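Student: mind folding the following:
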Amino acid sequence: MLAAMPPTPAIPPHRDESLVRDGGDACAGGVREARVQGRGDAVVRDRGDACPGALRLHQAADGHLARLRLPAGRLTSHQAIALADAADRLGDGHLSLTSRGNAELRGLGDDSAAPLAGLLRTAGLLPSDQHERVRNIVASPLAGLDGQGADSGAAVQDWARELDRLLCASPTAPALSGRFLFALDDGRGDVAALGADVTLIAEAGGTALLRVGDDTEALRLPGHDAPRTALAAAEAFLTVAREAGNGSWRVRELPPGYEAATVRVHLRTHLAEPYATATPPAPAQPSPPRPGQVTAPDGTRALSLLAPLGRLTSAHLRVLAAIAAQDGAGELRMTPWRGVVLPGLSPETAGPRLRELAATGLVTDPASPWYGLGACTGRPGCAKSLADVRVDAVATLRAGGGTEPLPVHWSGCARRCGHPHGAWVDVVATGDAYEVSVRGTRDGAAAATTVPTTEPGRLADAVASARAATRTTPTTT
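Tutor: Residues are numbered from 1 along each chain as shown. Now for the predicted structure:
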C-alpha cells in the first residue's frame, strides 16, 4: 500500500542531486514521493516522462524547445551546418549545449516542428523516430585523442556507434525514459563520474567493466561485447522497474529491494555467458577537458573549447564546422561540460585556428574565468525562473566571482536544472536574493550564504569564497 507523502523536494535527502538533470522543467513528468510499506521512501512516477526531443517539442517561455540527442556528442561538419541553419531559420540563432553533450534549439515557432524534422532527417540526425529520445550516450570526449585512457581510449567511439545502432534497432528500447543515460568511459574516469544508469569503463587489454547505476560491483566482459551488454542492462532495468511498480525512469529511482544490484543480478542470469564480477573504480570528481590544444600520440592536435554558459551562436557553429572540414577530421565532439572538441588538426594549423576561435568569443584558455561557470536558462526563457541568472552570472564574473577549483552553477529556482556532478558551488535565486553554498561533498550541502541581488560585489565575494573551497569526493554520482 502506498501512503501519500509531501511533494518531492528539489534536492532529495540522499545523493544531494536534483531529480531533474538535463533540461529542467522540460523533463518534468508526474512525480511524487511516497512511502512504500516495508521499503522506506521511494520516488513514485505516476505517468511517463515529458522530456522533449527533436520530434516532441516543449513549450517554453521563449517559444518551443527541441532537444537533439547526439550519441557521444558527435556531429559531422555537415550536421553542424544543418543545425546552424535550423537555429537561424527556425529558432533564436543559438545552439544550447547540455550536461549530457546533447544540444537544444530554442525560440522555435509554432509551425517549426515539421520543417525541423525534415532538416534533421536530411542531415542524418534522426536515424529512428521511435528511438530519438533514448539515444542518451555520453563518452569520454578526448578518447583516442591524447593517449590517455585504457589502450589510448580507442575503443570508446566504436562502442558509442555500435550502442547507438543497437538502441535504434531494439523493439524494447523506446520504453526507456528520455532521461536514461549511458556513459562510455575510456578508463580515465571522466564520464564514469556522471551518474549514468549504465556505465562502461574500458580496461587495458581489451576488457570492459559494466556498472549499473551506483552498484558497488560491476561485470567484467570482453570489449567487443560491451555495447550489446549495455543494451541488455537497460532492458534488465525495464524488467526490474516493472516489477518494482513505481514507474522508475532511472536506476537511482528504484525502491529498496529493487536497486542497481538487482538489475545486475537479473542481467547476469540472462546473459549467454555469466561474466565475472569485479569492483569498479571509485567515482572521482568529474574532470572536463581543459581548453586549449591537445596532442595525440601521432602528433596531430585536437582543439578543446568551451561555449560561454553553454551557448553557441550559429556563427560559432559555422566556423567550427569549417575548421573541422578544412583542417580537422570532419567532426565535432560536444562534451558533457558544454564544450566542443575538434580532432585531427596538424601542428601547423592548430595554433592559428585556436586563436581564430578565441576571437569569436569561445573559451580557449584554461585560465579563463569562464572555465567551470554554468547556468540554467533562467529568465526570460524559463517561466519558473526567479531571475535572469545569465545576466547576473556575467555581472558577478566581471566583479571577480573567482575561478577554479570548484565549478559554479547558477540556477533560477530550486530545481537547479543542469547542475554539475561532483562537488560544485550552488548559486540559486530565491526572488530578491541568491543563496550560495557548496554541494556534492561527502558532508552534504554546506550552510548557504544569502546575498541580496542588489549587492553584486558581495555576491561576487561569496561565489569566489565558495569556489575556492577544497574539492571533496562526492558521496555518489
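
Student: excluding chain neighbours, what is closest to residue 65?
Tutor: Counting by C-beta to C-beta, 6 or more residues apart in numbering, residue 65 lies nearest to residue 58, which is 4.5 Å off, once chain neighbours are set aside. For the C-beta atoms, the positions are set from N, CA and C on the backbone; glycine is no exception.

Student: neighbours of that neighbour, just the number please.
Tutor: Using other C-beta atoms under 10 Å, residue 58 has 22 other residues around it.

Student: quick check: it touching residue 105?
Tutor: No - look at residue 58 against residue 105 with C-beta atoms under 8 Å: they stay out of range, at 10.9 Å.

Student: what residues are shared contacts of the two?
Tutor: The contact sets of residue 58 and residue 105 overlap at 65-66 (C-beta atoms under 8 Å, 6 or more residues apart in numbering).

Student: quick one on the thing from earlier: what separates the residue nearest to residue 65 from residue 110, distance-wise?
Tutor: 13 Å (C-beta to C-beta, to the nearest Å).

Student: shared neighbours, the two?
Tutor: Common contacts of residue 58 and residue 110, defined by C-beta under 8 Å, 6+ apart, comprise residue 64.

Student: which stretches of the protein have low pLDDT?
Tutor: 1-42, 401-404, 443-446, 470-477 (pLDDT under 70).

Student: tell me the centre residue of it?
Tutor: residue 100 (2.0 Å; C-alpha atoms, centre = their mean).

Student: that one contacts residue 136, correct?
Tutor: Yes - contact criterion C-beta under 8 Å: residue 100 and residue 136 qualify, at 6.0 Å.

Student: need the strands for the stretch 1-150 of the chain, in chain order.
Tutor: Per DSSP state E, counting those that start in this stretch, the stretch 1-150 of the chain carries strands over the ranges 2-4, 31-36, 40-45, 58-60, 63-68, 74-76, 94-97, 103-108, 137-139.

Student: for those strands, which one ends up most surrounded?
Tutor: Among these, strand 137-139 has the highest mean neighbour count (mean count of other C-beta atoms under 10 Å), at a mean of 29.

Student: so what's the gap between that one and the chain middle?
Tutor: Distance, stretch centre to chain centre, for strand 137-139: 8 Å (C-alpha atoms, centre = their mean, to the nearest Å).

Student: in its sheet, what does that strand sit against?
Tutor: strand 182-185 (parallel) (DSSP bridges).

Student: counting contacts, what elements does the next helix or strand after the strand it pairs with pack onto?
Tutor: The element immediately downstream of strand 182-185 (helix or strand, assigned by DSSP states H and E) is strand 198-202. Judged by 3 or more C-beta pairs under 8 Å, 6 or more residues apart in numbering; DSSP states H and E, strand 198-202 is in contact with helix 155-169, strand 182-185, strand 207-212, helix 226-244.

Student: enumerate every residue touching residue 186.
Tutor: Applying C-beta under 8 Å, 6+ apart to residue 186 gives the contacts 139-140, 142-144, 148-150, 153, 155-156, 202.

Student: redo that, cut-off 7 Å
Tutor: Taking C-beta atoms under 7 Å, 6 or more residues apart in numbering, we find residue 186 in contact with 140, 143, 149-150, 153, 156, 202.

Student: just the helices and strands packed on strand 198-202: most buried one?
Tutor: Mean neighbour counts for those (mean count of other C-beta under 10 Å) peak at strand 182-185, with a mean of 29.

Student: host element of residue 325?
Tutor: Assigned by DSSP H and E, residue 325 falls in helix 314-327.

Student: for that helix, what is the distance to the chain centroid?
Tutor: The answer for helix 314-327 is 23 Å, by C-alpha atoms, centre = their mean.

Student: relative to strand 103-108, how tilted is it?
Tutor: 140 degrees (axes from the mean of the first three to the mean of the last three C-alpha atoms, to 10 degrees).
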